[in-house]
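K.L.:
The following comprises the amino acid sequence and a computationally predicted model.
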Amino acid sequence: MNKLAAKAASALCTLGLSMALATSVYAAVDRDAIIERIKPHGNICVEGDESCGTGAPVVAASSAAARSGEEVYNRFCTACHASGILDSPKFGSGAMTARADEKGLDGLLATAISGINAMPPKGTCNDCADEELEAAIQYMIDND
């Protein structure tokens with residue numbers, strides 16, 4: 001009987017130590033502290049999205065009014081097209097009208113969006129909407 005009692009006491013002792021160790025390890029890994037450390041620092045809601053809740057700043061879907069073709073040309077296109085550098089159609093030389101006759105406005109817009117030769121996609125206007133690029137192309141054609 002003494003051997004059985006000793007084995008039972010040993011098993012209970014091992015079980016108790018295991019539980020104490022597991023509890024202390026779990027306490028060291030505080031889930032709430034981890035969640036607090038990895039949570040986002042802020043929220044951005046798009047206007048019209050009802051799932052955001054309150055208190056988060058609302059960012060409009062289109063943050064600014066569309067720029068005119070002249071504004072886009074003067075800010076982003078003039079660096080190359082004013083001088084005709086790297087075989088770009090030179091502003092006011094008739095080259096843009098010739099390309100428009102060849103490709104059409106839709107073809108020129110597709111080229112402006114995807115880029116061609118030394119011209120990167122969307123020229124140097126990464127935040128231009130397609131409509132703004134089209135307006136800039138039309139401005140160049142109208143003033144050719």
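P.N.:
Yep, it's here. Numbers count the residues shown, from 1 in each chain.
K.L.:
ok, which stretches of the protein are strands?
P.N.:
Remark: strands assigned in the chain by DSSP state E are 45-46, 58-59.
K.L.:
for the first one, packing partners?
P.N.:
It stands for strand 45-46. strand 58-59 (3 or more Cβ pairs under 8 Å, 6 or more residues apart in numbering; DSSP states H and E). Yep, even glycine has a C-beta here, placed from its N, CA and C like the rest.
K.L.:
pLDDT (mean, whole number) over the strand it packs on?
P.N.:
Mean pLDDT, strand 58-59: 46.
K.L.:
go on, stretch 36-45?
P.N.:
On average, stretch 36-45 scores 77.
K.L.:
residues of that stretch that come out buried?
P.N.:
C45 (16 or more other Cβ atoms under 10 Å).
K.L.:
Tabulate the CA atom coordinates of that stretch in CSV.
P.N.:
Coordinates of each C-alpha in stretch 36-45 appear next as CSV, following Å, rounded to 0.1, in the frame of the first residue of the first chain:
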residue,chain,number,x,y,z
GLU,A,36,-3.1,46.4,-27.7
ARG,A,37,0.5,46.4,-29.2
ILE,A,38,-0.6,45.2,-32.7
LYS,A,39,-3.8,47.1,-33.2
PRO,A,40,-4.0,49.8,-35.9
HIS,A,41,-3.0,53.3,-35.0
GLY,A,42,-5.9,54.9,-36.8
ASN,A,43,-8.9,54.3,-39.1
ILE,A,44,-9.7,55.8,-42.5
CYS,A,45,-13.2,55.7,-43.8
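K.L.:
Could you give the separation of that stretch from the chain centroid?
P.N.:
17 Å (Cα atoms, centre = their mean, to the nearest Å).
K.L.:
can you check stretch 9-20 too?
P.N.:
With Cα atoms, centre = their mean, you get 55 Å for stretch 9-20.
K.L.:
If you average pLDDT per helix and strand, which one of this structure comes out bottom?
P.N.:
strand 58-59 (a mean of 46; mean pLDDT, DSSP states H and E).
K.L.:
and the residue lying closest to S68 once chain neighbours are set aside, how many neighbours?
P.N.:
In space, and not counting its chain neighbours, S68 is closest to A135: 6.2 Å by Cβ to Cβ, 6 or more residues apart in numbering. Residues lying near A135 (other Cβ atoms under 10 Å) number 20.
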